[in-house]
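S.K.: Sharing a sequence plus its predicted fold:
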Amino acid sequence: MKNVKIVEVGLRDGLQNETTQLSVEQRYDLYDKLVRAGVKNIEIGAFVSPKWVPQMALTAELCAMVLPEGEKVKSKVQATVLVPNEQGMLQAIEAGVKEVAIFAACSESFSQKNINCSIDESFERFVPVMKLAKEFKIKVRGYLSTCFGCPFEGKVSEAKVVSLVKKMHKLGCYEISVGDTIGVANAAQVESLFKKLKKVVPVNKLAGHFHDTRGQALANILAAYNVGIRTFDSSIGGLGGCPYAPGAAGNVATEDVIYMFDGMKVKTGLKLDQLIDTHRWLQPLMDHQLSSKVGRVGRLKPIGKVQ
Ligand code: HMG
Ligand code: MG
């Protein structure tokens, strides 16, 4: 049987762009339900400026609940937090996190809007982060945003993405998540870009991160899967988006991805029924309808033969 790795990002990429601010206890309950549904890789928050992204405030408190003393190392769940700079990294170390994610963009305008610096400056900020990661034995995942298009500049060249993915790999990221931040990619574009990326970075170090703004995310995942990508990010219910990417919808919904891979007999380790239950628990807490179609309608339940 074939396998894929799913990285659940609802607690970070999802909640960061919701107007509803869940309490730390509700965030923990969501974490707990996701882990019970089989999630093994989960991004739980971000050590970014709370003035920029208030939804991610209190990530340290959530870490204290998720990573109890003594269980930090032996836990089978890999909990990650997003960090933009040394200040965020120091908070992650203090919180006892064993994996962080750094993030850069492929377009200058998005980089400025999102983190208030150029692409080159963002890589300079990663130098002390990587040094601390080495010292404290913390794994580092890398994100690249706007790989398929930028909300400000439009088209982004494949050559630019390829060179930045190489740069992140060289920096020491164990995995690089290639982001369609505004959900603008199509399957042909995905196939073309990943074929080029595979030539410069080992395929098992690449991941796909697809927002579903135009309803293309599942098709894009399938296109990436067909060229050998085996790690995908997704968000329970299809929560969220990026607060600095105007018009971007949430990530592809975890339930929808698992429904597709279950049907293809590709093992994910996640349990669809528990994900659907989690969607139904989460729905009344949010102020809009969650976008996941599978979460909403569930599995097929035959009504019975028509006589
Ligand atoms: P800045 O204003 O340029 O930073 O923000 P600064 O160094 O000049 O510091 C200004 C203030 O921020 C100071 O506080 C610092 O202490 C504080 P003040 O003196 O004004 O009270 N500060 C911090 N506070 C908490 N944590 C920190 C931190 N660093 C500085 N780490 C900064 C620069 C990066 C902090 C800011 O731009 C920021 O926080 N941006 C948020 C970006 C963000 O979270 N975006 C969403 C996530 S990325 C995403 O969604 C894309 C992704 O999903 C992939 C995809 O879909 O493509 C990953
Ligand atoms: Mg994202």
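M.R.: That came through fine. Ligands and ions are numbered 1, 2, ... in the order given.
S.K.: which stretches of the stretch 201-307 of the chain form helices?
M.R.: In order along the chain, the stretch 201-307 of the chain carries the following helices (DSSP state H, counting those that start in this stretch): 217-226, 254-263, 272-282, 293-297.
S.K.: In JSON lines: those helices, plus mean neighbour count, distance to ligand 1 and mean pLDDT.
M.R.: Just so you know, the C-beta spots here come from the backbone N, C-alpha and C atoms, and that holds for glycine as well. Below are those laid out as JSON lines (neighbours: other C-beta atoms under 10 Å; distance: least, C-beta to the nearest ligand atom, whole Å; pLDDT from 0 to 100):
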{"stretch": "helix 217-226", "mean neighbour count": "21", "distance to ligand 1": "11", "mean pLDDT": "98"}
{"stretch": "helix 254-263", "mean neighbour count": "22", "distance to ligand 1": "15", "mean pLDDT": "98"}
{"stretch": "helix 272-282", "mean neighbour count": "19", "distance to ligand 1": "19", "mean pLDDT": "98"}
{"stretch": "helix 293-297", "mean neighbour count": "18", "distance to ligand 1": "20", "mean pLDDT": "97"}
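S.K.: a markdown table for these, including distance to Phe110?
M.R.: Listed next are the helices of the stretch 201-307 of the chain as a markdown table, based on distance: least, C-beta to C-beta, whole Å:
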| stretch | distance to Phe110 |
| --- | --- |
| helix 217-226 | 19 |
| helix 254-263 | 25 |
| helix 272-282 | 29 |
| helix 293-297 | 29 |
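S.K.: and the stretch 151-300 of the chain, which residues reach ligand 1?
M.R.: Within reach of ligand 1 by C-beta under 6 Å from any ligand atom, the stretch 151-300 of the chain has these residues: 179, 181, 209, 211, 242-244.
S.K.: Only whichever of those are buried, select them in PyMOL.
M.R.: This is how PyMOL selects the buried members of these, with burial counted by 16 or more other C-beta atoms under 10 Å:
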select buried, resi 179+181+209+211+242+243+244
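S.K.: Looking at the residues of the stretch 151-300 of the chain next to ligand 1, which is nearest Lys267?
M.R.: Using C-beta to C-beta, His209 is the member of these that lies nearest Lys267, at 20.7 Å.
S.K.: what sits up against the longest helix belonging to the chain?
M.R.: Taking DSSP state H as the assignment, the helix of the chain that covers the most residues is helix 119-135. Where contact means C-beta atoms under 8 Å, 6 or more residues apart in numbering, the residues beyond helix 119-135 that reach it are 83-86, 88-90, 93, 100, 102-106, 108, 111, 115, 117, 138-140, 164, 167, 171-172.
S.K.: Repeat the analysis, applying 7 Å as the threshold.
M.R.: 83-86, 89, 93, 100, 102, 104-105, 108, 111, 115, 140, 167, 171-172 (C-beta atoms under 7 Å, 6 or more residues apart in numbering).
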